[in-house]
Structure formats: structure tokens, C-alpha cells
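S.K.: Here's a sequence, model it:
(one chain, ligands or ions: 2)
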Amino acid sequence: MDNCVLGIDLGTSAVKVSAVNQSGKIIAQEKMDFPIQQPHPGYAEQNPEDWVNATTVAIVRLILSDKLNPKQIKGVSYSGQMHGLVLLDKDNQVLRPAMLWNDTRSSKQRYEIMDRMGERFVEITHNQPLEGFTLPKLLWVKENEPEVFAKAQTMLLPKDYLRFKMTGNLAIDYSDATGTVMLDVKKQEWSQEILDTFEIPARLCPPLIKSIENSGRINQWYADYSGLTTETLTFGGGADNACGAVGAGITSSNKVLSSIGTSGVILKYEADKNTNYQGDLQYEDHAIPNAFYSMGVTLAAGFSLSWFKQTFAKNEDFNEMVNSATKSPIGANGLMFAPYIVGERAPYADADIRGSFIGIDSIHKRSDFVRAVLEGIIFSFEDILEKYREKDNDFDTIVAIGGGAKNKLWQQIQADIFNVKVVTLENEQGPGLGAAMLAAVGLGWFKDLQECAKSFVNFKDVLLPHKDNVAKYKKLHKIYQKIYPATKEITHSLVEYRREN
Ligand SMILES: Nc1ncnc2c1ncn2[C@@H]1O[C@H](COP(=O)(O)OP(=O)(O)O)[C@@H](O)[C@H]1O
Ligand SMILES: O=C(CO)[C@@H](O)[C@H](O)COP(=O)(O)O
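M.R.: Ligands and ions are numbered 1, 2, ... in the order given. The predicted model follows:
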């Protein structure tokens, strides 16, 4: 069997471990789910040990069922769900369940951060302190669980906890560190000013490492537990979106990533750390050394479609339901959908906005509703792309990934609404492939990630925009953009009503 690397994709609902050989071929893959706890509205927590156990099950299956020889596993790297807060005590024991990226309990802390630091915060971190990010979560713990905060010795992000258990080494890589909104992006170090302002002990911030940096060998405990050998090296790893971008070949600024997963992401490679979107978009260190990326997140992208299916077409085949949209013309006979069904992050950072169908007419059929959902999600992506068009407009290709990119109609809707060429990937593996690439480069198999992408990343279909469709969608997008301001107050009142009743 070939030498290989493992790319560990630690997601929100499951971990997927891919074994990839030196030519970029996936030779085996295993997945294991884990639960999410939502004890109160807005809370989202996981037990960090579940991540370790699930990863170990996947690795054991690779060795026992897929017959991977542990000696041939030369390196391991990680892609992690971003922003989740893991707190360890002085003996490196987990102090409380991890608070995840989709945990929104920290609105009060979000506004306190802005009240105290205002634009200076955005200048340092290039981000707004949104509920999803780590610092507001840490301040929530400080205020609501002071005994936990007092015992906290180290803060880690999800994939860094996994690396710690596999190697015994404490570290956070730069791409995940920017997602804490505690990193000074210009200086590339933890921001002393932020730590001082909010009285956070510096001991909480572990050493920073690069995504392709050697982060130690598998330790004896984990070798005994998993069947790996202590000869296998680990490498820093990165935030899932950084790894997704690496795995989709987003290594220069002419390509933009469009990912329709549960959430949706529009992401652009940024060569310069001085670029600042004033917090309108997220700005993060890339997993590619000395590079950056910006992104906007539509919180319910694929999730809007899954919600629609679950609610109105439960027993239908997913593809059949999506393809029924071909019966409806562009613009869904005058029906529109705004996908704010769990609140929104970009371009409107508004946890209390809610979604809507607008323009319902007695002529509308279910196929119009399906089409409206597909189009509404991409209009929301276009809102994010507009931020790039306003700035430098230097992209000519959109790489479409995620579960939503499987559907041809939806791919074409993207090309027509974006008015940009859309390409898909031959071997769409998401962030796991990016993580494997970090290990492959870390081991020296390739000079750098750009070189590795030439072997590992291959494009498949090309979808060009259709001129007539582009013109129609331009008009429709202008109408779509009126939905947010027009429904903001109404939907906020409805959310308030729900809270009170
Ligand atoms: N056949 C399909 N056609 C279009 N979209 C699909 C199809 N199957 C799944 N999806 C969409 O893909 C989303 C899941 O994508 P995936 O990349 O697996 O997400 P994640 O990793 O975030 O859970 C679902 O929310 C769903 O809306
Ligand atoms: O919060 C963000 C990005 O800022 C999310 O993209 C998380 O990183 C979770 O990703 P998935 O598990 O849904 O892929």
C-alpha cells in the first residue's frame, strides 16, 4: 500500500477522516457522527471527548476495515469547525462543554465589546465581535461562570483539542486564531490590548503555529488508543473554511469559493494583511502561510432548502424536489425567499432577523416555492459578492463546493446570478482534502500548497452565465435587496413575541 496522510475534518455534526496518497487520491475514508446539545434556545454545545472518541473510531476503522498499514500513515493534519471555545484547567482537563460557533447566547458581551473598544477592535482584529466568535463566548463564561473562568488555564479551539490529545502539545494555528477575534492581524500575535481591556489572563492563549508546521508526533497514549504509531507526525491544521479553500484550489485572488453546505460561504483569497472590510466580512489568516482570506457567511444556505424539504416535502427524494424547480421560470413567477431563518451573519450581522416568502400569489405552485428558495440563497451570496465588487472586483472564477453544488440547476443559477464563470471540482471532498494537503506539504512532499494543489485539485464542469438570465437576475436582485430593511422591524417583533410567549 502507498504512503499516505490523514486529513481529519472535524465538523459540527461528524468527523470525516480521509487517507490520501502522494498523488492526491483518496484511498480510504471513514466518518463518525457525534451529538450536539442545545439545552436552551441559542445554546449549542459539544463534549470535546466526543470529538476524540469519534476521530479514534474513524481511524481504527481505517486500520481494521480499510486495511491501512499504520506505518504507511506518514502525517496527519486537521480541519476544524471554527470559533468553538474549549477551556482546560491546570491539569489540562476540560472545564465545561465546548461552546460552538452557532451558540448565540453572548449577544450582551458582543455589544459590550463594541461599547468599550468600538472601531479600535475592528482595526486590530479586522472583524466585528459577533456572537459566533470566541471572545464573546469567553466573556460570557467570565460573567456567568466565574468559578470556571478562574480555573481556566488554557483556551483551545475544537481541532486543537484533538491535536492536544493526540500529541500532548498545546497550540492554536493562525487561521483558527483569527476566528477567536483576539489576534492582532497586523502584528500576527495575540492582542495584548484586547487581553488588557477585558482582563483576560495571557496564560489562556497558547502558542501560535502555522498550518503546515510540525506540531509533534503521535504520543504513546494515543498510539495505544488508536493503533497509529508514534512515528506519525502531526501538522498544525486550519479552520474548516481555510482548509475548504485550500482543498478547492483557492490559492489566488482571481478565484472565489462558493460553498453551499448547511451554512453558506463566499470566500476570497487575500494576499495583503492591510485589506480591511471594516468587519462587514470576516477576515482571517489563511492556512497558506502569510496569506489571508475574507468571507461572508449565510447562516442558513443548504439548511434553508433542507428545512423546506423537511417541512413541505418530507417523503420526496431530495433530487426530485430540487429538480421540480425547473418547472418554474427565472424569478419563480414573482415569488421571493429571504433565507434568514436562523438569523444572519453577512452582509447583515443580525441574530434576530427572520426569513420570508414575499409576493405569494394564488397562481404559485410548490415548484415556484422551491425555485424561490434556490434563488434566495444565491441572492444572499450575491449580496456578499457585492462587497468584493465594490472593492477591487479582481475575480473571474467561482469554485462551487458543498452539498448544494451537486445540482446542475443550482450551479447554473449561481453562474447567472453572479454573472461569473462557475466551476466544480472533480473530487469534491471539502475541508478534509485541504487538511491532507497541509500534512503533505508539511512532510515536504511538495514545495508549497500551490504546488500541491496542482496534483490534488482538479476542476470538472464549467458553467457560463447566460446573458438573458443575467439581465433578469440583475433586476430581481435589486428587488431582493429591499427585503431586509422592509422586514427587519416586523421579524424582530415576531422574535420578541416568541421569546415572551
Ligand atoms: N441532491 C441535492 N441537491 C441540492 N442540494 C443538496 C442535495 N443534497 C443535499 N443538498 C444540500 O446540501 C446541504 C449539505 O451540504 P454539506 O456540504 O454536506 O453540508 P455540511 O458539511 O455543512 O453539513 C444540505 O443542507 C442540502 O440543502
Ligand atoms: O462559523 C463558521 C465560520 O465562521 C462555520 O463555517 C463553522 O466553521 C462551522 O462549519 P460547518 O461545521 O457547518 O462546516
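S.K.: Which residues does stretch 488-497 contact?
M.R.: For stretch 488-497, contacts defined as CB atoms under 8 Å, 6 or more residues apart in numbering pick out 340, 350, 352, 353, 354, 355, 356. The way it works is simple: take the backbone N, C-alpha and C, and place the C-beta from them, glycine included.
S.K.: residues in contact with the closest residue to ligand 1 within the stretch 51-200 of the chain?
M.R.: With distances taken as CB to the nearest ligand atom, the stretch 51-200 of the chain approaches ligand 1 most closely at residue 81, which sits 9.6 Å away. When contacts are counted by CB under 8 Å, 6+ apart, residue 81 is found next to 10, 11, 12, 100, 101, 158, 159, 240.
S.K.: Then residue 370?
M.R.: Contacts of residue 370 were listed using CB under 8 Å, 6+ apart, and they are 308, 321, 322, 324, 325, 328.
S.K.: Run a quick neighbour tally on residue 53.
M.R.: The burial count assigned to residue 53 is 16, neighbours taken as other CB atoms under 10 Å.
S.K.: so where does it fall, helix or strand?
M.R.: Under the criterion of DSSP states H and E, residue 53 resides in helix 48-64.
S.K.: Pull up the pairing partners for the next helix or strand after that helix, direction included.
M.R.: Note on helix 48-64: by DSSP H and E, the next helix or strand toward the C-terminus is strand 73-80. Within its sheet, strand 73-80 is paired with strand 4-10 (parallel), strand 233-235 (parallel), strand 238-239 (parallel), according to DSSP bridges.
S.K.: Can you convert these into TSV and add a column each for mean neighbour count?
M.R.: Below are the strands paired with strand 73-80 laid out as TSV (neighbours: other CB atoms under 10 Å):
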stretch	mean neighbour count
strand 4-10	29
strand 233-235	24
strand 238-239	32
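S.K.: Report the backbone C-alpha coordinates of the helix holding residue 53 in CSV.
M.R.: Taking only C-alpha atoms (Å, rounded to 0.1, in the frame of the first residue of the first chain), the coordinates of helix 48-64 have been written out as CSV:
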residue,chain,number,x,y,z
PRO,A,48,-14.7,17.6,23.5
GLU,A,49,-14.2,14.0,24.4
ASP,A,50,-16.8,13.0,21.8
TRP,A,51,-14.6,14.6,19.1
VAL,A,52,-11.6,12.5,20.3
ASN,A,53,-13.6,9.3,20.5
ALA,A,54,-15.3,9.7,17.1
THR,A,55,-12.0,10.5,15.4
THR,A,56,-10.5,7.4,17.0
VAL,A,57,-13.3,5.2,15.8
ALA,A,58,-12.8,6.5,12.3
ILE,A,59,-9.0,5.9,12.5
VAL,A,60,-9.5,2.4,13.9
ARG,A,61,-11.9,1.6,11.1
LEU,A,62,-9.3,2.9,8.5
ILE,A,63,-6.8,0.5,10.0
LEU,A,64,-9.0,-2.5,10.7
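S.K.: So is it next to ligand 2?
M.R.: No. Judged by CB under 6 Å from any ligand atom, helix 48-64 stays clear of ligand 2, getting no closer than 12.0 Å.
S.K.: hmm, back to that, pLDDT-wise, what's the bottom of the contacts of residue 81?
M.R.: Minimum pLDDT across the contacts of residue 81 is recorded for residue 12, with 89.
S.K.: Which secondary structure state does that one sit in?
M.R.: At residue 12 the chain is in coil, as set by DSSP: H, G, I helix; E, B strand; the rest coil.
S.K.: ok now do it, which residues does it touch?
M.R.: Contact partners of residue 12, counting by CB under 8 Å, 6+ apart, are 36, 81, 100, 101, 102, 262.
S.K.: Of the contacts of residue 81, which are in range of ligand 1?
M.R.: Among those, ligand 1 is touched by residue 11 when using CB under 6 Å from any ligand atom.
S.K.: Please identify which of the contacts of residue 81 is nearest to residue 197.
M.R.: Each of the contacts of residue 81 was checked against residue 197 using CB to CB; the closest is residue 101, at 23.2 Å.
S.K.: how about the closest one, what does it touch?
M.R.: The contact partners of residue 101, taken as CB under 8 Å, 6+ apart, are 12, 44, 81, 82, 83, 84, 132, 133.
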